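Undergrad: pasting the structure only:
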């Protein structure tokens with residue numbers, strides 16, 4: 001069939017992505033009635049109803065959902081190609097690139113945030129839009145250009161690029177390794193408060209795996225934000241079981257120490273997912289390349305293979 005009006009396609013893509021004719025109109029600098037007319041003309045051309053129209057809201061029909069996703073991907077490719085060619089233009093300001101990133105709180109707050117100045121220095125024309133997701137959910141915002149996911153080692157999703165495998169290690173403030181109750185061996189944990197991230201299972205498995213006796217793995221505080229557990233450890237409030245991403249910087253700065261050199265691999269890792277259609281965007285390529293270089297630095301610093 002002949003290609004429908006590109007203006008109508010653009011209006012539909014914006015309304016489908018935003019689920020609002022008004023917001024689509026604002027984005028496209030049209031009136032809501034103009035957006036509505038474009039979408040009705042597209043529906044007539046396709047012979048398909050694209051939206052279920054309700055009071056003050058619209059929803060995509062089941063048939064329209066894959067069409068909307070593919071159009072969003074197509075417009076992202078067009079935007080990326082435009083960004084790439086624009087660098088060769090003269091007499092015009094280079095267009096700013098914006099990359100949307102969905103990430104979990106621990107990775108962002110304890111590792112990535114302090115590295116972002118290096119990214120800004122390397123790519124001053126690229127800005128990030130960051131959202132935090134809960135790993136117990138569905139893996140973040142699927143419309144984000146990039147998602148950094150906490151996944152199982154056996155995850156075989158071909159769209160997930162493994163970044164770094166994880167090990168856990170006990171960490172505490174330096175003060176807990178001094179004095180009459182100093183932490184020197186695993187059995188000394190009996191004299192100290194355990195700090196748990198979301199669940200006591202991690203400490204239970206670690207203590208059982210090391211064959212430690214006389215330590216109650218369910219005792220201590222539980223924090224449902226990993227960042228809070230690490231802050232409590234930095235403040236001398238106990239011993240946390242943390243992964244390598246969470247503690248690299250704090251170990252390097254001497255705010256945390258490992259009271260005994262025991263590392264245990266866990267069957268988990270961080271992985272990178274790129275939204276279909278976004279891989280060609282200049283900003284996405286820049287951030288991906290920079291992130292992989294930072295991960296390589298992390299592996300060297302933490303002596304990971």
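TA: Structure received. Since this is a predicted model, take the numbers as computed values, not measurements.

Undergrad: So which residues of the stretch 151-300 of the chain form helices?
TA: All helices of the stretch 151-300 of the chain, identified by DSSP state H, counting those that start in this stretch, fall at 201-210, 226-234, 244-252, 282-301.

Undergrad: Next, format these as CSV and append distance to residue 74, mean neighbour count and mean pLDDT.
TA: (C-beta placed from N, C-alpha, C; glycine too.) Output for the helices of the stretch 151-300 of the chain, formatted as CSV (distance: least, CB to CB, whole Å; neighbours: other CB atoms under 10 Å; pLDDT from 0 to 100):
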stretch, distance to residue 74, mean neighbour count, mean pLDDT
helix 201-210, 44, 17, 95
helix 226-234, 38, 20, 96
helix 244-252, 35, 20, 97
helix 282-301, 16, 16, 95
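
Undergrad: Out of these, flag the one nearest residue 264.
TA: helix 201-210 (6.2 Å; CB to CB).

Undergrad: ok, back up a step: compare the helices of the stretch 151-300 of the chain and report which one is nearest to residue 270.
TA: Per CB to CB, nearest to residue 270 of those: helix 244-252, 6.7 Å.

Undergrad: name the helices or strands packed onto the closest one?
TA: For helix 244-252, the packing partners by 3 or more CB pairs under 8 Å, 6 or more residues apart in numbering; DSSP states H and E come out as helix 105-107, strand 160-171, helix 226-234, helix 282-301.

Undergrad: Show me the one of the helices of the stretch 151-300 of the chain that comes nearest residue 219.
TA: Nearest to residue 219, of the helices of the stretch 151-300 of the chain and by CB to CB, is helix 201-210 at 8.9 Å.

Undergrad: what number of residues lie near residue 176?
TA: 23 (other CB atoms under 10 Å).

Undergrad: ugh, wrong one, residue 60
TA: Using other CB under 10 Å: residue 60 sits among 19 other residues.
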